[in-house]
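K.L.:
my questions concern the predicted model and sequence given below.
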There are 2 protein chains.
Amino acid sequence: MKPLSLHDSVHVLDLPRALPGALLQLDGRQTAADLPCETDELGALFGYRIPEAVARGKALFWEGAPAEHIFQIVGGVLRLFRMSSEGRRVMVGFAFPGDVLSIAVKDHYLFTAEAVTPTRVRRISRERLAIQIAEQPKVATIVFDRMREELCAVHHQTLLLLCQTAEMRIVRFLLWIAHKNPGAVETGAEFALPMLRTDIADYLGLTMETVCRTMTKLRRNGLIVMRGPHKIRFPNPRLVKDVADLGDSRGEWL
Amino acid sequence: MKPLSLHDSVHVLDLPRALPGALLQLDGRQTAADLPCETDELGALFGYRIPEAVARGKALFWEGAPAEHIFQIVGGVLRLFRMSSEGRRVMVGFAFPGDVLSIAVKDHYLFTAEAVTPTRVRRISRERLAIQIAEQPKVATIVFDRMREELCAVHHQTLLLLCQTAEMRIVRFLLWIAHKNPGAVETGAEFALPMLRTDIADYLGLTMETVCRTMTKLRRNGLIVMRGPHKIRFPNPRLVKDVADLGDSRGEWL
DNA sequence: CGGTTGATTGAGTCTTTTCAACGGGTGTGG
DNA sequence: CCACACCCGTTGAAAAGACTCAATCAACCG
């Protein structure tokens, strides 16, 4: 058995992001249902310490600061953004339970990570990770996988941005969020959309107003049902297929 | 000295992509000036075999095919694209001399790589790479770096797509291409823009027409000078700064 | 209660896309 | 050799879409 193969690795999407019975509330109010670390291969890496809490609106780390730690999100949602040279906020991603942050950076954080909801994280120092890699070659495989996952996340955003219309972008964005709650799309169950309209706009390269308007349109068309701005349902799964054909044979890109 | 540190690695942008004296012609006509593999740390990995040629318009590999090899571009330019579910072509990148392709994929190629210009590549099987990693831990560091580079490339596209206007996207795209020829921006020297207008459009999320129109606008404004559709100059480096302030302290994102 | 924040909606403007036409190359076959 | 077709780039006019500016509304908080 090869110790460091690029092949024999956990599938990116098979992560224990949300397990049956562990109802993950993305809005962070239900702190009891954190990601169970025992099931995570990476859990051992981060140790079984009690996770740290990050209050809503607080930053976990800042763009440009020396990257000393790697973080695993246990519960809650974070927004990841940079400041462009013109001073505009550029959303480069969101982090959900199970995600690992900044495993791919070299020495400085490339973006700021800010808690959208009350968030709980585990951390490991980059030094310690290096030692772990040296001691157990298998760890390198895990790190490879995580970097692949990070790459997939960015690629996913790229594909969203390459959608022509705002409607398409938003539908796919919503579906992406929905897919983090297993079965939400198929059963039409309600799921949380914790981030602000502005966050979504900055992520999709749109304005807040366009996001609002488009979501209203989707509501009028019966594609989505909203209970407040942050609770969404897809009442008609079949309808979803028509608007955005996600019939991708390989789930790698979502 | 830690054998597998994530820190002590070659800077992503310090790659021997274009060396003084090795005038890289991106249009691929000058096949003599290939990337010198001796200077490349990764060169040893790929061996010093004679590079394979890929004719213009031919694919190096196809989206969805089993990923058996990893490629290093020695000369020429490739377009990297996927087919969206609606059948539209989605450009996910371009590959230039020095780039390494598909080091981050798991088992199937995520995109098709097609030669824009006559191209020369070296290849290594994924199996062999795994063995190399096992034998020399230092190789893992190189692979980490390359994956970081791949991540940076995708992130760069994301940032391009998040630019509000077509003009900004295109200016930054052109600057990005220009930066691959050392000193081209500073001296106002001519550089090649080998890909088609359609390729650029698909990469920037615009239509071909918008790309054309915007480039003629840039030409009229004196920002660029064109000699045919594929030869560009920035005659006034100072003007460039005004239009697109790239004053980014860290070059990581370009 | 007044102030703030976030979401929504409206009206007008600007950009981009769409549809269409044209021109310069290149390659091919008569 | 020329005629023709085809690809690619460019430009034009009209339509659609997204943005800006602005007002309104609801929830929350001191």
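P.N.:
Received the coordinates, thanks. Model, not experiment: these values are computed from the prediction. Numbering: from 1, shown residues only, chains lettered A, B, ... in the order given.
K.L.:
could you list the low-confidence segments of the stretch 1-150 of chain A?
P.N.:
In the predicted model of the stretch 1-150 of chain A, residues A:1-40 satisfy pLDDT under 70.
K.L.:
next one: the nearest residue to A:L196 once chain neighbours are set aside from DNA strand C, what distance?
P.N.:
Once flanking residues are discounted, A:L196 sits nearest to A:V116: 7.7 Å by CB to CB, 6 or more residues apart in numbering or on different chains. The C-beta positions use only the backbone N, C-alpha and C, and glycine is treated the same way. For A:V116, the distance to DNA strand C equals 10 Å [CB to the nearest atom of the strand, to the nearest Å].
K.L.:
check contacts around A:I170.
P.N.:
Residues in contact with A:I170 (CB atoms under 8 Å, 6 or more residues apart in numbering or on different chains) are A:200, A:204, A:206, A:211, A:214-215, A:218.
K.L.:
looking at these, which is nearest DNA strand D?
P.N.:
Nearest to DNA strand D among the contacts of A:I170 is A:L206, at 4.1 Å by CB to the nearest atom of the strand.
K.L.:
would you confirm that the closest one contacts A:E167?
P.N.:
No - taking contacts as CB atoms under 8 Å, A:L206 lies outside contact range of A:E167: 10.4 Å.
K.L.:
hey, what's in contact with both of these two?
P.N.:
Common contacts of A:L206 and A:E167, defined by CB under 8 Å, 6+ apart, comprise A:T214.
K.L.:
re the thing from before, what is the burial count for the residue nearest to A:L196?
P.N.:
20 (other CB atoms under 10 Å in any protein chain shown).
K.L.:
likewise for the one 10 residues further on?
P.N.:
Residues lying near A:R126 (other CB under 10 Å) number 20.
K.L.:
distance of it from A:T187?
P.N.:
A:R126 sits 41 Å away from A:T187, going by CB to CB, to the nearest Å.
K.L.:
and A:A140, by the same measure?
P.N.:
A:A140 is 39 Å from A:T187, by CB to CB.
K.L.:
what about these two, which has more around it?
P.N.:
Taking neighbours as other CB under 10 Å, A:A140 and A:T187 compare with A:A140 leading, 23 against 12.
K.L.:
only the buried residues of the lengthiest helix in chain A, if you could.
P.N.:
When chain A is parsed with DSSP state H, its longest helix is helix A:137-161. By neighbour count on 16 or more other CB atoms under 10 Å in any protein chain shown, the buried set for helix A:137-161 is A:137, A:139-161.
K.L.:
how about it, does it reach chain B?
P.N.:
Yes - contact of helix A:137-161 with chain B (CB under 8 Å from any CB of the partner chain) involves A:137, A:140, A:143-144, A:147-148, A:150-151, A:154-155, A:157-159, A:161.
K.L.:
for B:D99, state which of the contacts of A:I170 is nearest.
P.N.:
The closest of those to B:D99 turns out to be A:L204 (CB to CB; 28.2 Å).
K.L.:
which non-adjacent residue is nearest that closest one?
P.N.:
Nearest one to A:L204, counting by CB to CB, 6+ apart, is A:R169 at 4.7 Å.
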